[in-house]
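Prediction below, plus the sequence it came from.
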Amino acid sequence: MLSFVETLLFSAIMGLSIYLSLPFILNKRTGEANTKLLVAMAIGILIFLIGDVFLNAAGALYNGALYGYGSSPQYDAIFAVSMIAGFTVLFWAGGRRRLTMTPTYLAFIIAVGIGFQNLTEGLLFGSLGVTIGLSGAALVVLVGFILQNMTEGFPIASPFLGSMEGKTRVMLGVLLIGGIPTILGGAIGYYYNTTVFDLIFYGLAIGTMFYVILPMLRNLFRESDAMRLNIAYLGLFLGFLLGFAVNLV
């Protein structure tokens, strides 16, 4: 069994590992083609994260509550409402500032979506830490989430790729928004965690990430040049594969 302080420490290592992507993000020698490839990979990672989060929620949703089949209506409703809320809030906010969808604002809402997902990771680790300590499943969760969080800096930074000059402070801030919920989740999960609690944040994470993917895809495929389109297709697939490979740990 881990102490509360130890749980916070390991949760911080998980959450702040998002900064390990910073040297690659701030590399000024990244050319236009590589920038487009990294942006496409970032979107591919986000697409994988949506599937990954839904897989986590599916265990509670499709629980054979109806004679061994079907799902739980209560859990379905909680998850659906949370997902709709996550999407609708950003849809409403985005509609109000459609003409001023700045890179900073886009990076912020991507960080919020990933932050909800990371909060659920912290909840899981906190609950495992207090029950079994740093062994077995908890150790796998720790290592796996560190590796996964290392890739999450790319989606958050994607609006700035190719124009990072003077954006270092902004990047530090939005990465913190994405990573620090892991610490909060670890603290809460140490004392309290329920299926309902998890489903709420799973739904919020999917709703917000689904919304932010749309403007990113629009910008990615804005160019009609055949070579750029091929780079975009390749990057999307490579990003999804990277998310899959990291999640195998």
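Received it, and whenever you're ready, just let me know what you need. The shown structure was predicted, so the numbers you read here are calculated from the model rather than taken from an experiment. Residues are numbered from 1 along each chain as shown.

Tell me how far the residue nearest the centre of the chain lies from residue 46.
The residue lying closest to the centre of the chain (Cα atoms, centre = their mean) is residue 114, at 3.0 Å. Per Cβ to Cβ, to the nearest Å, residue 114 is found 8 Å from residue 46. The way it works is simple: take the backbone N, C-alpha and C, and place the C-beta from them, glycine included.

between those two, what contacts are shared?
Common contact partners of residue 114 and residue 46 (Cβ atoms under 8 Å, 6 or more residues apart in numbering): 155, 209.

coming back round to it: residues touching the residue nearest to the centre of the chain, list them.
49, 152, 155, 156, 178, 205, 209.

List the buried residues of the host helix or strand of it.
Taking DSSP states H and E as the definition, residue 114 sits inside helix 103-132. Under the neighbour-count criterion of 16 or more other Cβ atoms under 10 Å, helix 103-132 has 103, 106-130 buried.

and if you look at stretch 214-228?
215, 216, 217, 220, 228.

Next: stretch 141-155.
Residues of stretch 141-155 classed as buried under the neighbour-count rule (16+ other Cβ under 10 Å) are 141-142, 144-155.

And for stretch 185-202?
Applying 16+ other Cβ under 10 Å to stretch 185-202 flags 185-190, 193, 195, 197-202 as buried.

re earlier: for the helix holding residue 114, what is the distance to the chain centroid?
In terms of Cα atoms, centre = their mean, to the nearest Å, the centre of helix 103-132 is found 7 Å from the chain centre.

next helix or strand past that helix?
Assignment by DSSP H and E places the next element after helix 103-132 at helix 137-157.
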